[in-house]
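K.L.:
what follows is a predicted structure for the sequence shown.
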Amino acid sequence: MVGYTMETDPDSTSRAIGKELPISPKHSREICSMVRGMEVSVAVDVLNEIIELKRAVPFKRYKKCVSHKKGTGPGRYPQKAAKAILGVIESAMSNAEYKGLGVDSMRIKVIAAHLGRTQQGWMPRAYGRATPFDHQTVNVEVILEEME
């Protein structure tokens, strides 16, 4: 991923990218689908509730052995991914403040998670051996838009 997936009007939008975040691609996709289209203040509150284990993220795909949570269905509490995505949203909010846009009247227009670079790792095994264990990274892009 080199840039943003959408061309936007720079006078009414702000954007930010988090590159090669060491979080789960599945968790980040599920969180992005949950907060897409929300107002920024509501999305920040939702992500803080996920971090505090008060709200579960509903899982839409690959949920075979995931237990149901009260009020959401099958889901989990992906705290690490929520913290990373909250950081990218706060960066986009800071960019909006720098541009002079009203942060209180903005909504999340685009939020997407793409696979980043895979970092090779090794897992130690018995008798001095090692097994390859790769770590996936995620690129998260956020575009905020002013509401009318």
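P.N.:
Looks like it came in fine.

K.L.:
for this structure, which helix is longest?
P.N.:
Counting residues, the longest helix found in the chain (DSSP state H) is helix 79-99.

K.L.:
which elements pack onto that one?
P.N.:
The contact analysis (3 or more C-beta pairs under 8 Å, 6 or more residues apart in numbering; DSSP states H and E) places helix 79-99 against strand 13-21, helix 25-35, helix 40-51, strand 106-115, strand 138-146. (C-beta placed from N, C-alpha, C; glycine too.)

K.L.:
in that helix, which residues are buried?
P.N.:
Within helix 79-99, the residues that count as buried by 16 or more other C-beta atoms under 10 Å are 81, 82, 84, 85, 86, 88, 89, 91, 92, 93, 95, 96.

K.L.:
just send the helices and strands packed on helix 79-99 back as JSON lines, with mean pLDDT and distance to residue 71 too.
P.N.:
Listed next are the helices and strands packed on helix 79-99 as JSON lines, based on pLDDT from 0 to 100; distance: least, C-beta to C-beta, whole Å:
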{"stretch": "strand 13-21", "mean pLDDT": "96", "distance to residue 71": "28"}
{"stretch": "helix 25-35", "mean pLDDT": "96", "distance to residue 71": "13"}
{"stretch": "helix 40-51", "mean pLDDT": "96", "distance to residue 71": "12"}
{"stretch": "strand 106-115", "mean pLDDT": "96", "distance to residue 71": "22"}
{"stretch": "strand 138-146", "mean pLDDT": "96", "distance to residue 71": "26"}
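
K.L.:
okay, the residue nearest the centre of the chain: pLDDT?
P.N.:
The centroid of the chain falls nearest to residue 85 when counting by C-alpha atoms, centre = their mean (3.6 Å). Note on residue 85: pLDDT of 97.
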